[in-house]
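Peer 1: no FASTA, just this:
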């Protein structure tokens, strides 16, 4: 297989310099092309076993962000490696179906995406996927492994200080039937999906063990009832105002340099990005997915069913689950339903009935979506009035239906676009009043 891999790779690499010579000036091969060819030509003919089977099948799994930062030649290098390794994997699978790493991955992904069994059989004939029966057996094995991971993460011995955060959200999914009949029809289900977010041990090492307890939580809640809210708590400090001013200036400078003028002096001190505030180290979170749960509807009863499903998956007794502080993260509707369920069960002397240990908090993404939605709807305007030039008019000019606002997931992008557009419009208006015209 290493010989076949090098043969396919060299054949595709032969066309790489030709593509780049056309873009050159003197007809020579660019230095970056030579470096890419040298980086890919690292095989040793005296060592045919230098490539492992995993490398031939999958190669390096790269994130989307790292791929976007690469040059065109580096992306071409990844493409050549991916094609050559997958051709070798197909040949290996046809010769011996036990070597099925890539095919098993494709069959599981295609099954989750709703690929029909007839199409999967055709891809299995070509050596791209495993059979549908093999994919179902793989899913069964993965589900048993996931159940053990959920029980291990939520056990009292592994999380003696702080229970993992439960993040849940509603989801509507449809079971689509390709070959419909009277007995078999497509159905819509309403459920809840979520995951367990385990806190890093290094972070918990800096916390007082007495703080993240149920007793401390109840004391803090009782003290907050008599807490006096002062305006000074909500007003920004002087340093925060200066930082906000710097952010606005950087956004204006970025709009000017991208859309209005050309910066001829590369040594200019124009700042595009403000200084970070308390930067947080980016780490891969410890997340364990929960099994999809079927809930009746968006109500307190549905939330009760979700808690029952979580307790069953964690393999904890009710007194063990309700005897420690449990943080639940979700959207505004989920938090309201949890509060409603707690209000319905009060007063109760049993912890498993009162839900006094559950602390619902809003997720960061949902908070940003709600804020962006409120800002957008405040400037949406009347789409039935043609003289109203608010946000709906901009959507209509872009070909976006303005009868109803866009879904929340697009609000962050829309608010960012409106901010850039507003800065551009203000600078153009000031230039027209002062008679200044920049280099466009």
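Peer 2: Received the coordinates, thanks. As the structure is a prediction and not an experimental result, all values here were calculated from the model.
Peer 1: Number of residues surrounding the closest residue to residue 99 other than its chain neighbours?
Peer 2: Distances taken as Cβ to Cβ, 6 or more residues apart in numbering place residue 92 nearest to residue 99, at 4.5 Å, with adjacent residues excluded. C-beta: built from backbone N, CA, C; applies to glycine. As a burial measure, residue 92 scores 22 neighbours (other Cβ atoms under 10 Å).
Peer 1: which stretch of helix or strand covers residue 92?
Peer 2: helix 72-95 (DSSP states H and E).
Peer 1: Determine how far that helix lies from the middle of the whole chain.
Peer 2: Distance of helix 72-95 from the chain centroid (Cα atoms, centre = their mean, to the nearest Å) equals 27 Å.
Peer 1: and if you look at stretch 369-376?
Peer 2: Relative to the mean C-alpha coordinate of its chain, stretch 369-376 is positioned 20 Å out (Cα atoms, centre = their mean).
Peer 1: for stretch 295-308, same thing?
Peer 2: Averaging C-alpha positions (Cα atoms, centre = their mean) puts stretch 295-308 25 Å from its chain's average.
Peer 1: quick one: contacts of it?
Peer 2: Residues outside stretch 295-308 that contact it (Cβ atoms under 8 Å, 6 or more residues apart in numbering) are 168, 170, 190-192, 293-294, 333-334, 337-338, 340-341, 344, 355.
Peer 1: if we go to 6 Å?
Peer 2: If you take Cβ atoms under 6 Å, 6 or more residues apart in numbering as the criterion, stretch 295-308 is touched by 191, 192, 293, 337, 338, 340, 341.
Peer 1: any idea how far residue 184 lies from residue 309?
Peer 2: Counting by Cβ to Cβ, to the nearest Å, the gap from residue 184 to residue 309 is 26 Å.
Peer 1: Same question for residue 172.
Peer 2: 17 Å.
Peer 1: Which of those two has more residues huddled nearby?
Peer 2: Using other Cβ under 10 Å, the more surrounded residue of residue 172 and residue 309 is residue 309, with 20 against 8.
Peer 1: residue contacts, the more buried one?
Peer 2: With contact taken as Cβ under 6 Å, 6+ apart, residue 309 is in contact with residue 293.
Peer 1: ok, 10 Å please
Peer 2: Applying Cβ atoms under 10 Å, 6 or more residues apart in numbering to residue 309 gives the contacts 168, 191, 192, 194, 290, 291, 292, 293, 294, 295.
Peer 1: Just the buried residues out of those, in PyMOL syntax.
Peer 2: Those of these that count as buried under 16 or more other Cβ atoms under 10 Å are selected in PyMOL with:
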select buried, resi 168+191+192+194+290+293+295
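Peer 1: I'd like the contacts of residue 309 as TSV, with distance to residue 350 and secondary structure appended.
Peer 2: Output for those, formatted as TSV (distance: Cβ to Cβ, whole Å; DSSP: H, G, I helix; E, B strand; the rest coil):
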residue	distance to residue 350	secondary structure
168	23	strand
191	28	strand
192	24	strand
194	25	strand
290	25	coil
291	27	coil
292	29	coil
293	23	strand
294	26	strand
295	23	coil
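Peer 1: Residue 120: which of the contacts of residue 309 is nearest?
Peer 2: Using Cβ to Cβ, residue 292 comes nearest to residue 120 of the contacts of residue 309, at 22.2 Å.
Peer 1: got the phi/psi numbers for that closest one?
Peer 2: Dihedral pair for residue 292: phi -60, psi 130, per degrees, to the nearest 10.
Peer 1: Just the pLDDT for residue 150.
Peer 2: Per-residue pLDDT puts residue 150 at 91.
Peer 1: which residues sit in contact with it?
Peer 2: 164, 195, 196, 288, 289, 290, 291, 310, 313, 314, 315.
Peer 1: likewise residue 116?
Peer 2: By Cβ under 10 Å, 6+ apart, residue 116 lies in contact with 110, 122, 132, 176, 178, 179.
Peer 1: What about the residues you listed, which are in helices?
Peer 2: In helices, defined here by DSSP state H, the members of these are 110, 122, 132.
Peer 1: buried subset of those residues?
Peer 2: Among those, those classed as buried by neighbour count (16+ other Cβ under 10 Å) are 110, 132.
Peer 1: Out of the ones in helices among the contacts of residue 116, which is nearest to residue 250?
Peer 2: Distances from residue 250 to those, taken as Cβ to Cβ, are shortest for residue 110 (45.2 Å).
Peer 1: measure residue 391 to residue 168 for me?
Peer 2: Computed with Cβ to Cβ, the distance linking residue 391 and residue 168 is 32 Å.
Peer 1: swap that for residue 102, please
Peer 2: For residue 102 relative to residue 168 (Cβ to Cβ), the value is 33 Å.
Peer 1: same question, residue 236
Peer 2: Distance from residue 236 to residue 168, counting by Cβ to Cβ: 33 Å.
Peer 1: what do you get for residue 10?
Peer 2: Using Cβ to Cβ, residue 10 is found at 52 Å from residue 168.
Peer 1: since we're on residue 218, how many residues are nearby?
Peer 2: Around residue 218 there are 13 residues (other Cβ under 10 Å).
Peer 1: Confirm for me that it is in contact with residue 354.
Peer 2: No - under the criterion of Cβ atoms under 10 Å, residue 218 makes no contact with residue 354, lying 11.3 Å away.
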